[in-house]
Each structure stands twice: as C-alpha cells, then as structure tokens.
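Model the following, please.
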Amino acid sequence: MTNSLEFKSKFKTLFDAEKKRLLFNGRVEGGQYAIASDDMMDEMDFSSIEIENQMRMRLRNREVLYLKKIEEALERIGAGTFGLCGTCEEDIELKRLEARPTTTLCVSCKETEERSEKLHIDGHQHKSLGRAVKFA
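Numbers count the residues shown, from 1 in each chain. Alright, predicted model coming up:
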C-alpha cells in the first residue's frame with residue numbers, strides 16, 4: 001500500500017498544498033505584529049493588543065512546527081518510508097494517515113507511547129515529548 005505511486009502522489013499533493021498555504025499565511029500575517037503608536041491608547045488597549053499578538057505568535061509557532069512535520073513527511077515520501085510506522089515498521093492504517101497525514105506511528109505504537117509518557121507537574125506533556133526538536 002505505502003509504496004504505490006497513487007498513494008505517494010495523493011499525500012505529496014496534500015503536503016505541497018498545505019505547505020503553500022502555511023507559507024502564504026506566514027507572508028500575509030508576518031507584518032501584523034506591530035503596535036500602532038497612538039497617544040489616545042490606554043492600558044487596556046495595550047493589554048488587548050498584547051494578548052492578541054501573543055495568540056497570533058502561538059498560532060504561528062504551531063504552523064511552523066506543522067510545516068516542519070510536512071517537510072519531514074515529504075522527505076519520507078522521497079525515501080520510500082512514508083506510511084511506515086517509525087517503531088514497528090508496519091504499514092500505518094490509511095484511515096489514520098488520512099486523519100493525521102504527518103503521523104509517524106501506527107495506532108498501536110502511538111497508544112503504547114502515550115501510556116509510557118510521563119506528565120509534567122502541571123499535568124501536560126510537551127509536544128516534543130522531552131526530545132530535542134531540530135529546525136533546519
């Protein structure tokens with residue numbers, strides 16, 4: 001299944017479109033973080049702007065991480081390993097790939113990974129799962 005040309009082409013097209021969308025959004029939103037200087041602005045205005053900018057930055061950071069996952073998925077397509085579980089090396093179910101195209105684990109291995117994760121004090125695990133994230 002994972003080596004068919006149709007399979008690879010379908011996901012490559014999806015990733016290319018998503019990549020273009022994310023890069024376009026980055027160019028469009030890139031200049032929207034400046035605060036206009038206005039003598040009439042009060043502290044509430046500045047607070048609202050700061051909250052809005054923080055939210056935009058958080059969303060942009062998510063997009064950057066997603067873009068990195070897309071790049072890695074495109075590399076796996078090129079290497080012929082896309083759709084194979086990174087742990088057990090079995091085919092990842094098509095339904096899972098359609099739901100989470102950048103996934104690297106089958107459902108079984110993902111469940112095992114989630115059970116073995118240790119939570120931080122605040123009850124949340126970072127997305128990197130404590131591993132270093134490389135940015136090219």
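
Mind pulling up the pLDDT for residue 59?
Residue 59 carries a pLDDT score of 88 in this model.

same deal with residue 136?
Looking at residue 136, its pLDDT is 56.

And the helices in this protein?
Ranges of helices in the chain, per DSSP state H, are 5-29, 43-79, 94-99, 107-116.

of all those helices, which lies closest to residue 85?
Residue 85 lies closest to helix 107-116 among those, at 5.4 Å (C-beta to C-beta). Yep, even glycine has a C-beta here, placed from its N, CA and C like the rest.

how far is the closest one from where the chain is centred?
Offset of helix 107-116 from its chain centre (C-alpha atoms, centre = their mean, to the nearest Å): 19 Å.

To residue 86, which of the helices of the chain lies closest?
Nearest to residue 86, of the helices of the chain and by C-beta to C-beta, is helix 107-116 at 7.7 Å.

Now tell me what touches that closest one from outside.
Identification of contacts with helix 107-116 by C-beta atoms under 8 Å, 6 or more residues apart in numbering yields 85-88, 93, 96, 103, 105, 129.
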